[in-house]
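**Student:** heads up, no residue letters with this:
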Ligand SMILES: NC(=O)c1ccc[n+]([C@@H]2O[C@H](COP(=O)([O-])OP(=O)(O)OC[C@H]3O[C@@H](n4cnc5c(N)ncnc54)[C@H](O)[C@@H]3O)[C@@H](O)[C@H]2O)c1
Ligand SMILES: O=C(O)CC[C@@H](O)C(=O)O
């Protein structure tokens with residue numbers, strides 16, 4: 001029976017870690033892991049020579065060098081949807097706080113110490129008009145990015161009797177199917193920005209979305225709109241936001257990403273990257289991440305990878321060895337592998353192959369053992385990134 005070394009980075013919920021059985025040695029101090037479970041901290045893949053997979057207990061993978069991992073044959077997983085509800089609840093909590101001046105009202109009340117009885121009552125009733133707010137109902141919410149979180153934010157807007165309009169240039173059918181029919185799907189980002197009183201951005205941070213909320217983005221928005229960023233700090237150009245606040249283009253900015261330029265600004269409400277910080281979300285993310293990692297290490301199966309194609313195959317009881325071949329997606333790779341196995345009289349019982357256009361991933365169940373020499377012969381072929389042998393007998 002194979003055993004595996006796992007490194008944890010950040011606080012991973014105990015419910016998830018409990019899924020590792022006694023074949024797993026799990027420690028934050030592991031120096032040569034087969035697998036890593038991580039939240040938001042950066043992962044230095046060059047430090048771990050035997051690393052096979054990284055499971056991100058969360059959605060964003062901008063803390064992991066995904067392209068470099070692909071080149072090394074390291075599979076990167078995330079946990080789509082596992083923390084989405086936590087983010088949605090916080091976005092609406094913050095919208096409510098902003099619209100009803102709750103943060104200012106709470107500060108006011110904290111300063112009422114010493115007042116008693118009728119005097120206290122009179123002070124409250126006289127001054128509460130300073131905190132009069134507006135309601136969400138009837139306002140227009142714009143959602144940029146209709147993924148796991150964006151769709152739920154849009155639906156929650158409908159639930160709060162808002163008009164909701166959303167845009168996503170690469171919509172995923174599974175997410176769009178979950179969208180309330182009352183959400184209007186825009187044909188362009190501009191269409192959303194021109195109409196929304198509140199704009200909430202839910203995109204991943206990557207080279208295309210860094211600085212997405214730019215001066216050009218902001219100038220299309222309605223005067224006095226409020227911008228929400230519960231995606232990632234660098235999605236927003238901070239100087240552009242500060243200018244928009246100064247000019248009145250934006251009346252407020254609500255963000256989960258404290259920055260030097262934003263801290264202390266009267267029109268900016270900041271939470272300390274709390275979007276996913278609920279017990280439920282942390283448990284969901286950890287359980288999903290650990291399950292994905294275990295399935296990969298024990299069977300080579302892939303669900304929710306951000307760099308490898310999804311493939312799942314359960315070995316029958318007759319399988320001796322499962323050979324995993326990870327290759328650049330180019331013609332001739334399957335023939336190459338099967339020829340080598342045939343030459344060495346290794347009988348293939350089943351062959352699963354999937355590609356995501358960049359990486360080809362093969363699960364080859366064999367009746368006989370696959371020796372280290374055969375494995376090396378395949379790994380030396382042009383186009384092969386990495387191989388792995390899992391033995392069941
Ligand atoms: N604040 C937090 O604690 C917290 C928690 C969870 C996720 N997040 C962030 O939120 C992001 C989104 O999470 P998710 O689970 O919804 O991911 P997701 O992958 O399900 O959805 C992202 C969506 O953004 C869309 N998109 C990409 N580029 C776009 C663009 N230029 N304009 C509009 N849409 C675009 C994609 O097509 C996709 O549908 C994560 O990548 C992460 O960075 C933050
Ligand atoms: O792990 C966290 O606390 C934050 C996770 C969140 O930013 C995500 O991208 O899923």
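**Tutor:** Nice, thanks for sending it over. Since the structure is predicted, the reported quantities are computational estimates derived from the model, not experimental observations. Ligands and ions are numbered 1, 2, ... in the order given.

**Student:** switch to C-alpha atoms for all contacts and neighbour counts from now on
**Tutor:** OK.

**Student:** Can you give the domain ranges for this structure?
**Tutor:** As recorded under automatic domain parsing, the domains making up the chain are 1-83+278-308, 84-270, 309-393.

**Student:** Of those domains, which stretch is the most buried?
**Tutor:** Ranked by mean neighbour count under mean count of other C-alpha atoms under 10 Å, the domains of the chain are led by domain 1-83+278-308, which reaches a mean of 19.

**Student:** re the thing from before, reformat the domains of the chain as CSV; add distance to ligand 1 and mean pLDDT.
**Tutor:** Shown next, in CSV, are these (distance: least, C-alpha to the nearest ligand atom, whole Å; pLDDT from 0 to 100):
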stretch, distance to ligand 1, mean pLDDT
domain 1-83+278-308, 4, 97
domain 84-270, 3, 98
domain 309-393, 15, 97
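
**Student:** What backbone torsions are found at the most centrally placed residue in the chain?
**Tutor:** The centroid of the chain falls nearest to residue 59 when counting by C-alpha atoms, centre = their mean (1.1 Å). The phi and psi values for residue 59, taken as degrees, to the nearest 10, are phi -100, psi -50.

**Student:** Off-centre distance for the helix or strand hosting residue 25?
**Tutor:** Following DSSP states H and E, one finds residue 25 within strand 24-27. In terms of C-alpha atoms, centre = their mean, to the nearest Å, the gap separating the centre of strand 24-27 from the centre of its chain is 24 Å.

**Student:** Give me the next element, helix or strand, following it.
**Tutor:** strand 35-38.

**Student:** From the contact counts, what lies against that next one?
**Tutor:** In terms of contacts (3 or more C-alpha pairs under 8 Å, 6 or more residues apart in numbering; DSSP states H and E), strand 35-38 is packed against strand 4-9, strand 53-56, helix 279-299.

**Student:** Check what contacts it and list those residues.
**Tutor:** Applying C-alpha atoms under 8 Å, 6 or more residues apart in numbering, the external contacts of strand 35-38 come out as 4-10, 12, 51-57, 289-290, 293, 297.

**Student:** Quick check: residue 298 touching residue 390?
**Tutor:** Yes - at 7.4 Å, residue 298 counts as touching residue 390 under the criterion of C-alpha atoms under 8 Å.

**Student:** any common contacting residues for these two?
**Tutor:** Common neighbours of residue 298 and residue 390 (C-alpha under 8 Å, 6+ apart) are residue 2.
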